[in-house]
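J.: Turn this into a structure:
(one chain, ligands or ions: 1)
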Amino acid sequence: MEKLIVQGGHRLKGRVNISGSKNSALPILAATLLTRDTCTIRRVPDLSDTNYMLRILGELGAEVERASGVVVITAGKIKWKAPYELVRKMRASICVLGPLTGRLHKASVSLPGGCVIGDRPVDLHLRGLEALGAKVLVEGGDILVSATRAGFKGRVINMMGKHGPTVLGTGNVMMAATLAKGTTIIEGAAAEPEVEDLADFLIKMGAKIEGAGTNRVVIEGVKELHGAEHTVIPDRIEAGTFLVAGAMLGDGVTLKRVVPGHLRAVTSTLEACGFELESGRDSLTIRGNGSSRGFTLTTHPYPGFPTDMQAQFCALACAIPDSSTITETIFPQRFMHVAEIKRMGANVTLQGATAHIRGGAPLKGAPVMASDLRASAALVLAGLFAEGQTEVHRLYHIDRGYEHLDDKLAALGASLERARE
Ligand code: EPU
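T.: Predicted coordinates:
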């Protein structure tokens, strides 16, 4: 296991290239199972999660080649079972359920287990597939889906859950519906850019989809899909994390290869705090500000403030000499970073799903434990800002979702290195 040793207090300046989106790449890679033809996916970030997805595709029978961000997949003859040993390490493995059901009308995928950011059921995924006429059974920890060719039909499905729409659930049902008979209408669909990116790839494969990126997606089933090429969109959460780093410590940090429109909720919150932002066609520049104000934010489905940026803004709030309030509505228990940041001297009080932060007190470096991907990012940000040395343990959480985070930060002037535990 590795840890990250961060020496705090170094200013950040310069340009950073943002990688392809993890949360787009994962369902897009799974979608290649929908055709026996070859698909080429570009700008796939080199992460343990994407590598894991490629391993799953390989085990299901697909041929996979990968060279520096370009992945070529041919899923000629595939199996319908993704057993526990294969899917247990990554919740996003559930993305293969929709494509296997769509193509083979039969799928068995292990039920994802618990998750540190809270209860993460898949009832909406299953409800969606049932609405398409599939029979769904959960037995011995596995989800078993079966349908007859004639009975697998489009319908109007409402996928809204009690915490809002589901991103991967919308993707799963959309992928399955591309090969169902007739028209499927998903009401209460997730409107995240990653869902739209998946739909763009499916359309290139021959699917008929309208409305992706809104809460109502219409899919006209087709007989079969064909091979296609696609470039994954930039990772808006990686971009947001670098914006926060630039806000906390920046003397001018420029993000290249981003879609500024995907980051509006994040950039407008930063602007409301008093940070100066400059937006180009595919770039964003942020400058630190000595006189920033506290903020109040609540996470919401897109285009609202993303839950995946909540922990990083908690670190930012510690650096602003004012009071800030953060409320989490998507995963109300997603506050594992709070106890660790408090060990660095942060003044944070948790009241249910709301964190009250009094910033401005100096943070002091400490050994801290990463618990999940975004909590780890928050600890790295806090470590960059703190006085002295911070050791972030369980670095593998970061490697799940940030491509070369340490190298990118070091290129901006941060002082940090990996070491074995
Ligand atoms: N939910 C249900 N039933 C379901 C599915 C979801 O009640 O069947 C609930 C969840 O418990 C949650 C809410 O609906 O309260 C939204 O969850 P969603 O299904 O949208 O989450 P996801 O699709 O499993 C993706 C991202 C997460 C991100 C969420 C929300 C991927 C691989 N993961 O998860 O990303 O937090 O959407 O935007 O796309 C991360 O990158 O660190 C990460 C956790």
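
J.: Skipping adjacent residues, who's closest to residue 203 in space?
T.: residue 209 (5.7 Å; CB to CB, 6 or more residues apart in numbering). (Each C-beta comes from the backbone N, C-alpha and C, glycine too.)

J.: Get me the contact residues on the stretch 301-421 of the chain for the ligand.
T.: Proximity of the stretch 301-421 of the chain to the ligand, by CB under 6 Å from any ligand atom, involves residues 307, 308, 330, 331, 373, 374, 401.

J.: By neighbours, which of the residues you listed wins?
T.: Of all these, residue 374 has the most neighbours under the rule other CB atoms under 10 Å, reaching 28 neighbours.

J.: for the residue nearest to residue 203, phi and psi?
T.: Listed backbone geometry of residue 209 is phi -130, psi 130, with angles given as degrees, to the nearest 10.

J.: May I ask you to confirm that it is in contact with residue 197?
T.: No: under the criterion of CB atoms under 8 Å, residue 209 is not in contact with residue 197, lying 12.0 Å apart.

J.: What segments of the stretch 51-200 of the chain are strands?
T.: For the stretch 51-200 of the chain, the strands defined by DSSP state E, counting those that start in this stretch cover 63-67, 70-74, 81-82, 106-110, 135-139, 142-146, 156-158, 183-187.

J.: Please render those as a markdown table that adds distance to residue 364, mean neighbour count and mean pLDDT to the earlier fields.
T.: A markdown table is the format used below for the strands of the stretch 51-200 of the chain (distance: least, CB to CB, whole Å; neighbours: other CB atoms under 10 Å; pLDDT from 0 to 100):
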| stretch | distance to residue 364 | mean neighbour count | mean pLDDT |
| --- | --- | --- | --- |
| strand 63-67 | 42 | 13 | 97 |
| strand 70-74 | 43 | 19 | 98 |
| strand 81-82 | 45 | 19 | 92 |
| strand 106-110 | 43 | 21 | 95 |
| strand 135-139 | 48 | 13 | 95 |
| strand 142-146 | 47 | 20 | 95 |
| strand 156-158 | 50 | 16 | 97 |
| strand 183-187 | 49 | 20 | 98 |
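
J.: Nearest to residue 257 among those strands would be which one?
T.: Closest approach to residue 257 among the strands of the stretch 51-200 of the chain (CB to CB): strand 70-74, 15.7 Å.

J.: Please name the bridge partners of residue 16.
T.: The residues listed as beta-bridge partners of residue 16 by DSSP bridges are residue 255.

J.: just residue 420 next, same as before
T.: Under the criterion used (DSSP bridges), residue 420 bridges to residue 2.

J.: Please apply the same query to residue 389.
T.: Residue 389 forms beta bridges with residue 7, as assigned by DSSP bridges.

J.: That one reaches residue 5, doesn't it?
T.: Yes: counting by CB under 8 Å, residue 5 is a contact partner of residue 389 at 6.4 Å.
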